[in-house]
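A.B. asks: give the three-dimensional model of this entry:
(chains A and B)
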Amino acid sequence: MTAYLKKSWRSLFGLKAVETEEPVSLKLDKPNRTMTLNLDLGANDPLLAYFLSAQGVVEIDRLEMDSPALRALKEAGVKVTAPLVSQGELIGLLNLGGRLSEQDYTTDDRHLLNTLATQAAPALRVAQLARQQQIEARERERLDQELRVARVIQQTLLPKSLPELFGWRVDALWQPARAVSGDFYDYIIFSDGKLGLVIGDVTDKGVPAALVMATTRSILRAAAERYTSPGEILAYVNDLLCQDIPQNMFVTCLYIILDPISGHMLFANAGHNLPVHLTQDGVQELRATGMPLGLMPGMNYEEKEAHLSPGDGLMIYSDGLVEAHNVSGDMFGFPRLRELLAQQSQLGDRSGEASIQMLKGKLAEFTGPAWEQEDDVTLVTLEYVASVEAPSSVQEESQQEETYATLAEFSLPSEPGNEILAKEEVARIVQGLNFRGERLERLKTAVAEATMNAMEHGNQYRDDQPVNIQVLASPSTLMVRISDYGGGQPIPEPETPDLEAKLAGLQSPRGWGLFLIKNMVDEMRVQTDEVHHTVELIFNLEGKPL
Amino acid sequence: MNHAFGASVRQRSGLAIIDLSGEINAFADQELDAVYSEAEATNASNIVLNFERVTYINSTGIALIVGLLARARKANRRLAVIGLSDHYVEIFHITRLVDFMSIYPDETSVLAQVG
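C.D. replies: Have a look, this model is predicted:
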């Protein structure tokens, strides 16, 4: 009888686990009479309610109701069925067709089927759950893997290093709430040596925000190729973003353009948190108005100015910090942030690193150890390090204890042809000194050649490695210091090029740079540390004081 | 930034004169090479480089001039230069280019000498 039941088995939903059991007895002469019936039993089908409330085995032929599933069962030749119900849910049917003897099922048969169904239902449920968990685990693993890749990709969209400008320091903290983030920051050095610094925060977090973040960053980069004012850049990005951004999403964004020589700063704000200016007299929020990006096209962005003095700092930050909640539901809030920064400022340490560490600590203290980060946290700081002191080598070597004053400092991206900007800028800076005619020409050639070497050999024309130039003067000398990132490797001594060998094709016609510099200056010094390589070009001012 | 380098050849009294303008640096390489070939094609045995409208020569530009000089010497041609500013005359002295090419102040003086 058991074998016979098995032979007539018809099932719904994943009964494979039960089917694989060995038949208990009797040989199966027609195993193909076991089959699976895929039955569409909709939630509105009255048969479902009937099965759920049925006690024991149901005789299909006796049922009369307007049910597509019932018709399907009858068409498939099902005579009796045992609904498999677990925790109030129909998870399968144990169906029997007509007996081979063509007789009706006996009461015993029905009891046996009922007993079997009672035992099969929980077993089937467990099997179904186990299978579902396996599928979910595989799906989670796949998603985790995808998110890990997404995070790596997103990290490549953030600056790999921070800009290094003489006299300035930039620090950043980027702490996503999830694997990927809607927060970003970026910087660009414009061809005139100015620094563009941007921070953005996309509404929402996770993958949707990260996708919008990537688009926004690209458009911002493209905008900086066209415009050099923060207001124009934001207006342009807004118009482009409006066309593509999903509804109900927008981006808040702060754009700052800093002149590292003067400390003058121009900024525009598309609905982002106000940057905080840290000075020795306290802290001040810098306000400029503008709608977030991506809400509506044709917006104008107010441009405001500010001035950073040596020793000043600037803190820019995203929502994740000020909108963090503690266990009592209180928010970290702007007043607390201002207060903490004011305290920090009064302590005299307005360095970005100190501010970031302090805020990170205070946030952890506020939220407690069990905090599940609610939103992405990004902090970027800009710090005007006090004026660069005279290089120690000069002080040590000079008999007269030369004191140098910094006339100007600037940076240039490493791009072919920028040596001309360097020589013209230095010529402009030394206008007030006694540099005219042939002496000025020599200075310009030396600066151009040293800048070219720095861009080509020191920085290999890399985008993220600018050349830094300082112009210093003492009462009797002018010094131009040109630094690149070629530290840690020796620089060859300038040799007199062998022109005959070059003309005979025995040597490359190139190799004139250092030789020319040496012949243009009164003295040339080279300094190398782990990171930087610096050439100092020294010109006597012929005793004429500044 | 204006890297504009320009060069053209003209013939005068049996000389091929290459009028140069703008900046002589790495960007000038191919055009300088091409214009020199053009000057060679005139079969003039004396080629004059006119720097009157040149605003900047860097060390790579010096290397390009050394290259032209090497080419000229191989083909037994003589190179002369005119129109150099005082600063670049000094650089031609420092680099000893003057040992291998004659420097004249202007076109009139080079024509008087060759003529």
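
A.B. asks: tally of neighbours for residue 86?
C.D. replies: If you meant another chain, say so; for now it's chain A. Burial measure for A:Ser86: 17 neighbouring residues, criterion other Cβ atoms under 10 Å in any protein chain shown. (Each C-beta comes from the backbone N, C-alpha and C, glycine too.)

A.B. asks: hm, I was asking about chain B
C.D. replies: B:Asp86: 10 neighbours (other Cβ under 10 Å).

A.B. asks: for the top helix by length along chain A, give the mean pLDDT please.
C.D. replies: Criterion DSSP state H: the longest helix present in chain A is helix A:107-157. On average, the pLDDT along helix A:107-157 is 88.

A.B. asks: low pLDDT regions in chain B?
C.D. replies: Scanning chain B for pLDDT under 70 picks out the ranges B:1-3, B:115.

A.B. asks: near chain A, which residues of it show up?
C.D. replies: B:1, B:3, B:23, B:25-27, B:56, B:58-60, B:62-64, B:66-67, B:69-70, B:73, B:85-87, B:90-91, B:94-97, B:99-100 (Cβ under 8 Å from any Cβ of the partner chain).

A.B. asks: confirm A:Ala222 sits in a strand?
C.D. replies: No - the assignment for A:Ala222, made by DSSP: H, G, I helix; E, B strand; the rest coil, is helix rather than a strand.

A.B. asks: next, the closest residue to chain B within the stretch 351-500 of chain A: secondary structure please.
C.D. replies: Going by Cβ to the nearest Cβ, chain B is nearest to A:Glu441 of the stretch 351-500 of chain A, at 3.8 Å. Under the three-state scheme (three-state DSSP), A:Glu441 adopts helix.

A.B. asks: what's the closest non-adjacent residue to it?
C.D. replies: The shortest distance from A:Glu441 to any non-neighbouring residue, by Cβ to Cβ, 6 or more residues apart in numbering or on different chains, is to B:His87 (3.8 Å).

A.B. asks: buried residues in whichever helix or strand that neighbour is part of?
C.D. replies: Counting by DSSP states H and E, the element that carries B:His87 is helix B:86-94. Within helix B:86-94, the residues that count as buried by 16 or more other Cβ atoms under 10 Å in any protein chain shown are B:His87, B:Tyr88, B:Glu90, B:Ile91, B:Phe92, B:Ile94.

A.B. asks: repeat that for stretch A:315-331.
C.D. replies: Residues of stretch A:315-331 classed as buried by neighbour count (16+ other Cβ under 10 Å): A:Met315, A:Ile316, A:Tyr317, A:Ser318, A:Asp319, A:Gly320, A:Leu321, A:Val322, A:Ala324.

A.B. asks: from B:Leu68, how far out is A:Ser309?
C.D. replies: Using Cβ to Cβ, to the nearest Å, A:Ser309 is found at 53 Å from B:Leu68.

A.B. asks: what is the longest helix of chain B by residue count?
C.D. replies: As assigned by DSSP H, the longest helix anywhere in chain B is helix B:59-74.

A.B. asks: could I have it exported to PDB, CA atoms only?
C.D. replies: Extracted in PDB, the C-alpha atoms of helix B:59-74 (Å, rounded to 0.1, in the frame of the first residue of the first chain):
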ATOM      1  CA  SER B  59      66.900  73.900 -23.100                       C
ATOM      2  CA  THR B  60      64.800  71.600 -25.200                       C
ATOM      3  CA  GLY B  61      64.800  74.300 -27.900                       C
ATOM      4  CA  ILE B  62      68.600  74.400 -27.600                       C
ATOM      5  CA  ALA B  63      68.700  70.700 -28.200                       C
ATOM      6  CA  LEU B  64      66.600  71.100 -31.300                       C
ATOM      7  CA  ILE B  65      69.000  73.700 -32.600                       C
ATOM      8  CA  VAL B  66      71.900  71.300 -31.800                       C
ATOM      9  CA  GLY B  67      70.100  68.700 -33.900                       C
ATOM     10  CA  LEU B  68      69.800  71.000 -36.800                       C
ATOM     11  CA  LEU B  69      73.400  72.000 -36.600                       C
ATOM     12  CA  ALA B  70      74.400  68.300 -36.600                       C
ATOM     13  CA  ARG B  71      72.300  67.700 -39.700                       C
ATOM     14  CA  ALA B  72      73.800  70.800 -41.400                       C
ATOM     15  CA  ARG B  73      77.400  69.700 -40.700                       C
ATOM     16  CA  LYS B  74      76.700  66.200 -42.000                       C
END
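
A.B. asks: how far away from the center of its chain is that helix?
C.D. replies: 9 Å (Cα atoms, centre = their mean, to the nearest Å).

A.B. asks: tell me what that helix is packed against?
C.D. replies: Helix B:59-74 sits against helix A:437-453, helix A:499-503, helix A:513-520, strand B:15-24, helix B:29-41, strand B:46-57, strand B:78-82, with contacts defined as 3 or more Cβ pairs under 8 Å, 6 or more residues apart in numbering or on different chains; DSSP states H and E.

A.B. asks: in that helix, which residues are buried?
C.D. replies: B:59-73.

A.B. asks: closest to A:Asn238 out of these?
C.D. replies: Of all the buried residues of helix B:59-74, A:Asn238 sits closest to B:Thr60, with 43.3 Å by Cβ to Cβ.

A.B. asks: that older thread, and the contacts of the longest helix of chain B?
C.D. replies: Contacting residues not belonging to helix B:59-74 are listed as A:449, A:452, A:499, A:502-505, A:508-513, A:516, B:23-26, B:28-29, B:32-33, B:36, B:40, B:47, B:49, B:57, B:78-79, B:91, B:95, B:97, B:100-101 [Cβ atoms under 8 Å, 6 or more residues apart in numbering or on different chains].

A.B. asks: can you rerun that using 7 Å?
C.D. replies: Outside helix B:59-74, the residues that touch it by Cβ atoms under 7 Å, 6 or more residues apart in numbering or on different chains are A:449, A:502-503, A:505, A:509-510, A:512-513, A:516, B:24-26, B:28-29, B:32, B:36, B:47, B:78-79, B:95, B:97, B:100-101.

A.B. asks: how big is the angle separating that helix from helix A:513-520?
C.D. replies: Calculated by axes from the mean of the first three to the mean of the last three Cα atoms, to 10 degrees, helix B:59-74 forms an angle of 110 degrees with helix A:513-520.

A.B. asks: if we ignore the residues flanking it in sequence, what's nearest A:Leu541?
C.D. replies: Closest residue in space to A:Leu541, ignoring its immediate chain neighbours: A:Ser476 at 5.4 Å, by Cβ to Cβ, 6+ apart.

A.B. asks: the one you found against A:Asp522, yeah?
C.D. replies: No - using Cβ atoms under 7 Å, A:Ser476 is not in contact with A:Asp522, being 10.7 Å away.

A.B. asks: which neighbours do these two have in common?
C.D. replies: In contact with both A:Ser476 and A:Asp522: A:Asn540, using Cβ under 7 Å, 6+ apart.

A.B. asks: re earlier: ok, which of the helices and strands packed on helix B:59-74 comes nearest A:Asp109?
C.D. replies: Judging these by Cβ to Cβ, what sits closest to A:Asp109 is helix B:29-41, at 97.4 Å.

A.B. asks: run through who's touching that closest one.
C.D. replies: Contact partners of helix B:29-41, identified using Cβ under 7 Å, 6+ apart, comprise B:Phe5, B:Ala7, B:Ser8, B:Val9, B:Ala16, B:Ile18, B:Ile47, B:Leu64, B:Leu68, B:Arg71.

A.B. asks: what sits against the fourth one?
C.D. replies: So the one you mean is B:Val9. Neighbour list for B:Val9: B:Ala16, B:Ile18, B:Val35, B:Glu38, B:Ala39 [criterion: Cβ under 7 Å, 6+ apart].
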